[in-house]
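**Student:** Below: sequence and its predicted model.
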Amino acid sequence: MIADGGPALFAHPDSNLWLHAPARASHIEWNYGIVSGAYEKKGDKTDGVEFTVAGVAGGATRVIFHRVLDPVNRAADRGRSTRLSPISRRLANCCSSPPGPFKAMPTTGPTGGKST
């Protein structure tokens, strides 16, 4: 889909997205955000979204990124953001085998998805 002028993969809150990194990958990079229509429209607006990315390997899971976006109340949370996270350093302490899939988990905001 195209959202806010660029390609996007839309995932409703409480989704799980699984991504497999190449065997020799040293980092992962992604863009994330909330489409502008969710906070710019008249009437009900988003109450925000919590983004979590975890690395999974050898039966262990480790959160490598966590952020709550609240674009209605924080202008800095509007638009598209980019994140770059090293794989090996962040997973080395929890995982004895090479990193496996990465799980991206957007969840609802503080009011459980109820608009404000």
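**Tutor:** Now that the structure is in, tell me what you want to look at. The structure displayed is predicted, hence computed values, not measured ones.
**Student:** wait, residue 77 sits on residue 51?
**Tutor:** No - in this structure, residue 77 is not within contact of residue 51 by C-beta atoms under 8 Å, at 10.6 Å. Glycine gets a C-beta too; all of them are placed from N, C-alpha and C.
**Student:** shared neighbours, those two?
**Tutor:** residue 69 (C-beta atoms under 8 Å, 6 or more residues apart in numbering).
**Student:** what about these two, which has more around it?
**Tutor:** Neighbour tally, residue 77 and residue 51, criterion other C-beta atoms under 10 Å: the higher count belongs to residue 51, 21 against 18.
**Student:** how close does the more buried one get to residue 32?
**Tutor:** Distance, residue 51 to residue 32, by C-beta to C-beta, to the nearest Å: 5 Å.
**Student:** shared neighbours, the two?
**Tutor:** Counting by C-beta under 8 Å, 6+ apart, the residues touching both residue 51 and residue 32 are 67, 69.
**Student:** Can you tell me the element the residue most central in space within the chain falls in?
**Tutor:** In the chain, the centroid-proximal residue (C-alpha atoms, centre = their mean) is residue 51; its distance is 3.8 Å. In this structure, residue 51 sits in strand 49-57 according to DSSP states H and E.
**Student:** Flag every buried residue along that strand.
**Tutor:** Applying a neighbour-count criterion of 16 or more other C-beta atoms under 10 Å, one finds 49-51, 53-57 buried in strand 49-57.
**Student:** Walk me through which strands it pairs with, and which way each runs.
**Tutor:** strand 60-69 (antiparallel), strand 101-108 (antiparallel) (DSSP bridges).
**Student:** Each with direction, which strands does the helix or strand just after the longest one pair with?
**Tutor:** Right, the one you point to is strand 60-69. For strand 60-69, the succeeding helix or strand toward the C-terminus, using DSSP H and E, is strand 80-86. The pairing partners recorded for strand 80-86 under DSSP bridges are strand 27-33 (antiparallel).
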